[in-house]
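J.: The sequence and its predicted three-dimensional model are supplied below.
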Amino acid sequence: MLRRQSLRESAARTYARSLPIVPVRARGLTIEGADGRRYLDCLSGAGTLALGHNHPVVLEAIRKVLDSGAPLHVLDLATPVKDAFTTELFATLPAGLAENARIQFCGPAGTDAVEAALKLVRTATGRSGLLSFTGAYHGMTAGALNASGGATDVRVTRLPYPQNYRCPFGVGGPRGAELAARWTENLLDDPKSGVMTPAAMILEPVQGEGGVIPAPDDWMRRMRELTAARSIPLIADEVQTGVGRTGAFWAVEHSGVVPDVMVLSKAIGGSLPLAVVVYRAELDAWEPGAHAGTFRGNQLAMAAGAATLAYVRENRLADRAATLGARMLARLQGLAAVHPCIGDVRGRGLMIGVELVDPAAESADSAVPPVDPALAAAVQQECLDRGLIVELGGRHSGVVRLLPPLTLTDEQAEAVLDRFADALAAAERTHRPPAQDARLLKTPGPAGPA
């Protein structure tokens, strides 16, 4: 099957290259391959599987729709399934948005919801420009790519996204975030900046593909203040951060920010394709058919999504993600103390990133060592050899990302970390020559020489 896939599918395939497995069964955290091997899945469909694979409440919701005889394809017609999903979704939204919101059902992927959000704000404001951030990722269609970090569209102005480890201003911490906010404010208010008042600002509360970089809460509040004072709609891309992933039901809740627009997908479909835009009613300037999609009425996804949203809310899985995520971060930070190749450990809730670096390449004119994508790839392969599935991200694919399901148990978390630690040690041995290893082992950590 793997051979036929490589012969028949396009060169654009990604996960199949680094994860050459053939899943045949799955439950919760575990995937079983066609060869009988079992894997702990910390990719979770790139964050889609909030409850893991084939959770009983999701399967039951799908079976209920299938057994009811209800139509599975309804375009944008009203149905009991859609009404139940919308009601559950609105019950979880930040109160300041839910009380006066509209919802747009889009095509099945998050990138289409981003496209819809950009069209919406441009229609509502009559403006065309857009503010986005370095390191951003909003999808793979043209408009979403233009708002992402690697684009060159002049209609999109790139702003610095604050980071501690690789601060664009070289200072990090609250001071770095303050400088990033001041840069944004100056750009908007300087009549000679060359930036006209935009249609919107779009940001991720935690940059996922950018390397798992959480936005500081104070900075998020500043962005909300700056945009509100200038009548610039604020779009929060919660495609990957939503539904409890970061330790709050929606990541904007950490800072208390209420955006004008929220882009939602992945986990809201309960493992099936679903994407929506939720926005303030005053922005609802659409003409009929201004944004549509043949599969925007996915009944099975709405049923699975409603069941997932309710389960996460009723079982307080966001709180669980916060607690367990903090515990996992602490253990990974302990690993960093004895492994110089770990440059930074960061994340929020069960959205965790480990940036791998080459400490031997550190130079006097660089605050931190350069990223080591080859080592990250080696760690990913060693993890797979040990039955652990992880993803890579960051600017140069040098960040190992952990996105386990929110149903992760304490024992499973320990198993994940044990396998990761073993894989890291094995990758270090094979990736660096022994002489280099010996020199690096002399590097002191917080607890003394490693």
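T.: Now that the structure is in, tell me what you want to look at. Numbers count the residues shown, from 1 in each chain.
J.: Give me the residues contacting stretch 203-211.
T.: Contacts made with stretch 203-211 from outside it, assessed by C-beta atoms under 8 Å, 6 or more residues apart in numbering, are listed as 47, 132-133, 135-138, 149, 161, 212-215, 220, 223, 234-238, 240-241, 246, 251-252, 254-255, 347-348, 351, 353, 355, 393-395, 398-399, 401. Quick note: C-beta positions are derived from backbone N, CA and C, even for glycine.
J.: can you do 6 Å?
T.: Stretch 203-211 is contacted from outside by 133, 135, 137, 213-215, 237, 240-241, 246, 251-252, 348, 351, 353, 393-394, 399, using C-beta atoms under 6 Å, 6 or more residues apart in numbering.
J.: Please apply the same query to stretch 134-151.
T.: Residues from elsewhere that reach stretch 134-151 (C-beta under 6 Å, 6+ apart): 110-111, 114-115, 118, 132, 153, 156, 158, 160-161, 202, 207, 209-210, 237.
J.: now do 8 Å
T.: Stretch 134-151 is touched from outside by 109-112, 114-115, 118-119, 130, 132-133, 153, 155-156, 158-161, 163, 168, 202-204, 207-211, 213, 237, 239, 263, 395, with contacts defined as C-beta under 8 Å, 6+ apart.
J.: cool, stretch 32-48 as well?
T.: Residues from elsewhere that reach stretch 32-48 (C-beta under 8 Å, 6+ apart): 1, 15, 19, 21-26, 29-31, 49-50, 52-53, 208, 240, 245, 266-267, 269, 271, 351, 384, 387-391, 402-405, 412, 415-416, 419.
J.: taking those one by one, which sit in helices?
T.: With DSSP state H as the criterion, helices contain 15, 384, 412, 415, 416, 419 from among the contacts of stretch 32-48.
J.: Name the member of those with the shortest distance to residue 319.
T.: Within the ones in helices among the contacts of stretch 32-48, the smallest distance to residue 319 is 17.7 Å, found for residue 412 (C-beta to C-beta).
J.: so what's the closest one closest to, chain neighbours aside?
T.: Nearest non-adjacent residue to residue 412, counting by C-beta to C-beta, 6 or more residues apart in numbering: residue 29, 5.4 Å away.
J.: Now that neighbour: phi and psi?
T.: Main-chain dihedrals, residue 29, degrees, to the nearest 10: phi -80, psi -20.
J.: same check, this time on residue 41
T.: Residue 41 adopts backbone torsions of phi -100, psi 100, taken as degrees, to the nearest 10.
J.: Count the residues that sit near it.
T.: For residue 41, the neighbour count with other C-beta atoms under 10 Å is 25.
J.: OK, contacts around residue 396?
T.: Taking C-beta under 8 Å, 6+ apart, we find residue 396 in contact with 371, 373.
J.: Now it: phi and psi?
T.: Main-chain torsions, residue 396, degrees, to the nearest 10: phi -120, psi 30.
J.: State the pLDDT value of it.
T.: On the pLDDT scale, residue 396 is placed at 91.
J.: That one and residue 181: what is the separation?
T.: Per C-beta to C-beta, to the nearest Å, residue 396 is found 27 Å from residue 181.
J.: Measure how buried the closest residue to residue 220 other than its chain neighbours is and give me the count.
T.: Of all residues not flanking residue 220 in the chain, residue 255 sits nearest, at 3.8 Å (C-beta to C-beta, 6+ apart). Neighbour count for residue 255, taken as other C-beta under 10 Å: 19.
J.: mind listing what residue 255 touches?
T.: Counting by C-beta under 8 Å, 6+ apart, residue 255 touches 205, 215, 217, 218, 220, 221, 224.
J.: One more pass at 6 Å, please.
T.: Taking C-beta under 6 Å, 6+ apart as the test, what residue 255 contacts is 217, 220, 221.
J.: neighbours around residue 18, how many?
T.: For residue 18, using other C-beta under 10 Å, the count is 15.
J.: Equivalent analysis for the one 5 residues further on, please.
T.: Neighbourhood size, residue 23 [other C-beta under 10 Å]: 14.
J.: wait, what's in contact with the residue nearest to it when sequence neighbours are not counted?
T.: Closest residue in space to residue 23, ignoring its immediate chain neighbours: residue 31 at 4.9 Å, by C-beta to C-beta, 6+ apart. By C-beta under 6 Å, 6+ apart, residue 31 lies in contact with 23, 39, 41.
J.: And the residue nearest to residue 412, how far from residue 409?
T.: Here residue 29 is placed at a distance of 8 Å from residue 409 (C-beta to C-beta).
J.: The two: who's more crowded?
T.: Under the criterion of other C-beta under 10 Å, the comparison of residue 29 against residue 409 puts residue 29 first, with 23 against 12.
J.: Please name the residues that touch the more buried one.
T.: Contact analysis of residue 29 by C-beta under 6 Å, 6+ apart lists 40, 41, 52, 405, 412.
J.: in the chain, which helix or strand is least confident?
T.: When each helix and strand of the chain is scored by mean pLDDT, DSSP states H and E, strand 448-449 comes last, with a mean of 38.
J.: all helices of the stretch 251-400 of the chain, in order?
T.: Under the criterion DSSP state H, counting those that start in this stretch, the stretch 251-400 of the chain contains helices at 299-314, 317-338, 373-385.
J.: same question, the stretch 51-200 of the chain
T.: Ranges of helices within the stretch 51-200 of the chain are 56-68, 80-92, 95-98, 110-125, 142-146, 173-189, based on DSSP H, counting those that start in this stretch.
J.: Let me know which of those is the nearest to residue 275.
T.: helix 110-125 (4.0 Å).
J.: any residues touching that closest one, and which ones?
T.: Looking at what lies outside helix 110-125 - C-beta under 6 Å, 6+ apart - the contacts are 104, 106, 128, 138-141, 143-144, 199-200, 233, 235, 239, 261, 263, 265, 275, 277, 283, 285, 291.
J.: Quick check on the residues you listed: which are buried?
T.: Buried subset of the contacts of helix 110-125 (neighbour count, 16 or more other C-beta atoms under 10 Å): 104, 106, 138-139, 143-144, 199-200, 233, 235, 239, 261, 263, 265, 275, 277, 283, 291.
J.: So residue 202, which state does it fall into?
T.: At residue 202 the chain is in strand, as set by DSSP: H, G, I helix; E, B strand; the rest coil.
J.: what's the burial count for it?
T.: Neighbour count for residue 202, taken as other C-beta under 10 Å: 28.
J.: and which of the contacts of residue 31 is nearest residue 67?
T.: Comparing the contacts of residue 31 against residue 67 with C-beta to C-beta picks out residue 23 as the nearest, at 26.2 Å.
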